[in-house]
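In: give me a 3D structure for the following:
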Amino acid sequence: MESGKKTKAIVLFSGGLDSILACKVLQEQSIVVIALQCITPFFSYHIKEDKEAWISEVKRKYGIDLMVVDITDEYLKMLKNPAHGYGRYLNPCIDCKILMIKQALSLMKETGASFIATGEVIGQRPMSQRRDTLRIIERDSGAEGLLLRPLCAKNLKPTRVEEEGLVDRSKLLSLSGRGRKGQMALAEKYSITEYPSPAGGCALADPILSERFRTMLSLWDNLDANDFLLAQVGRHFLLSGNSWFAVGRNQTENSKVVKLARGDDLLLQYKDGSGPTGLLRRYKQPPPIEEAASVLLRYCKVDPEEPCNVIVKGVKGKETNVVQAVPFNDETIDKLRFSPPPQNTD
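Out: Numbering: from 1, shown residues only. Below you'll find the model as predicted:
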């Protein structure tokens with residue numbers, strides 16, 4: 001290290017307390033911290049709407065310089081068949097962390113960083129933060145010797161980072177387990193009062209959404225970020241030909257459905273009154289428009305036995321069509337709900 005040149009580190013950043021504390025512990029040793037936040041449709045993707053505002057907020061609240069990187073393409077490839085499997089639902093926690101560390105490694109030369117750090121605490125999470133799993137993550141990410149866990153470093157063997165004097169091991173911590181007293185004390189020490197709860201926010205660990213995602217992965221190829229964002233809004237139905245129909249549950253969701261519409265998607269709305277917006281996607285020709293209209297009308301205030309008009313709008317052009325349909329009854333609706341794929345989809 002050149003005289004007077006400060007050591008730099010890339011710290012994986014989630015916005016949660018542990019990652020904030022990992023940054024602060026290193027900053028306390030006069031290490032220049034570059035926080036790296038990886039985003040996907042399953043976590044933190046809303047940041048893309050105003051990335052610069054979020055970067056500014058992190059700097060203002062915590063004094064941390066932040067980089068935000070969208071890793072969706074690599075993540076979706078991994079999600080189909082994660083080397084280390086899934087957690088309780090569709091959460092590939094070990095491979096997720098490996099992928100993010102690989103992303104950090106790829107930025108080391110560009111940023112001038114000498115090592116990578118995370119906010120992991122041994123024993124805190126049952127799948128990804130066991131002692132054996134921490135070793136697997138380091139090995140399979142290619143970060144052996146370069147990966148530091150400042151919050152629990154004293155419970156682990158010294159890394160090359162510590163042995164070479166890039167950090168002072170005596171000033172690192174020995175947190176462990178699922179308790180949060182140590183983190184809360186550190187937050188008070190660093191005057192950190194604003195941070196999210198530790199409950200997590202990954203959609204892949206949600207029992208309902210994870211089943212919906214499994215169905216998508218089993219039915220369709222070439223899924224992208226937009227598909228997984230749509231899957232997190234409204235009610236979802238599998239119509240004829242494995243067509244996908246999403247229906248907003250309120251005005252906010254209706255707006256999101258419209259915003260997510262693309263390409264060959266069709267938008268449906270009740271013509272003669274208020275009601276939800278529906279989006280038909282991944283259909284075969286001819287699209288099951290009347291079927292979709294009957295689903296939509298189930299959530300409108302209409303006579304259940306009288307034909308109603310439904311507007312069908314194409315997204316690419318300005319063409320508009322009107323079809324007539326009657327609402328499906330609850331029994332039919334329940335059979336069409338998005339769930340694990342049926343045994344026979346012919």
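
In: next one: the strand or helix carrying residue 116 to chain centre, how far?
Out: Per DSSP states H and E, residue 116 falls inside strand 115-117. Offset of strand 115-117 from its chain centre (Cα atoms, centre = their mean, to the nearest Å): 23 Å.

In: and what of stretch 182-198?
Out: With Cα atoms, centre = their mean as the basis, stretch 182-198 stands 24 Å off its chain's centre.

In: just stretch 78-97 next, same as before
Out: Counting by Cα atoms, centre = their mean, stretch 78-97 comes out at 13 Å from the chain centroid.

In: circling back: next secondary structure after the strand holding residue 116?
Out: helix 131-141.

In: so what does that following helix touch, helix or strand wise?
Out: With contacts taken as 3 or more Cβ pairs under 8 Å, 6 or more residues apart in numbering; DSSP states H and E, helix 131-141 sits against helix 93-106, strand 147-148. Just so you know, the C-beta spots here come from the backbone N, C-alpha and C atoms, and that holds for glycine as well.

In: next, the angle helix 131-141 makes with the first one.
Out: Taking axes from the mean of the first three to the mean of the last three Cα atoms, to 10 degrees, one finds that helix 93-106 is oriented at 40 degrees with respect to helix 131-141.

In: okay, helix 93-106 in CSV with CA atoms only?
Out: Extracted as CSV, the C-alpha positions of helix 93-106 are listed here (Å, rounded to 0.1, in the frame of the first residue of the first chain):
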residue,chain,number,x,y,z
CYS,A,93,-30.0,-17.7,-0.4
ILE,A,94,-26.5,-19.3,-0.7
ASP,A,95,-26.3,-18.8,-4.5
CYS,A,96,-27.8,-15.3,-4.2
LYS,A,97,-24.9,-14.3,-1.9
ILE,A,98,-22.4,-16.0,-4.1
LEU,A,99,-23.7,-14.1,-7.1
MET,A,100,-23.5,-10.7,-5.3
ILE,A,101,-20.0,-11.3,-4.1
LYS,A,102,-19.0,-12.2,-7.7
GLN,A,103,-20.4,-8.9,-8.8
ALA,A,104,-18.4,-7.1,-6.1
LEU,A,105,-15.2,-9.0,-7.3
SER,A,106,-15.8,-7.8,-10.8
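
In: what residues does that helix touch?
Out: For helix 93-106, contacts defined as Cβ atoms under 8 Å, 6 or more residues apart in numbering pick out 10, 12, 36, 38, 69, 71, 74-75, 78, 82-85, 87, 113, 116, 118, 120, 125, 127-128, 133, 136-138, 140-143, 146-147.

In: filter those down to the buried ones and hand me the PyMOL line.
Out: A single PyMOL command selects the buried members of the contacts of helix 93-106 (16 or more other Cβ atoms under 10 Å):
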select buried, resi 10+12+36+38+71+75+78+82+84+87+113+116+118+120+125+127+128+133+136+137+138+140+141+143+146+147
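
In: return the set of buried residues in the helix or strand containing residue 296.
Out: Secondary structure assignment for residue 296, by DSSP H and E: helix 289-297. Residues of helix 289-297 classed as buried by neighbour count (16+ other Cβ under 10 Å): 289, 291, 292, 293, 294, 295, 296, 297.

In: for it, packing partners?
Out: Short answer (3+ Cβ pairs under 8 Å, 6+ apart): helix 289-297 packs on strand 235-239, strand 243-247, strand 266-270, strand 277-281, strand 308-314, strand 320-325, helix 330-336.

In: pLDDT on the last one, on average?
Out: So the one you mean is helix 330-336. The average of the pLDDT scores along helix 330-336 is 96.
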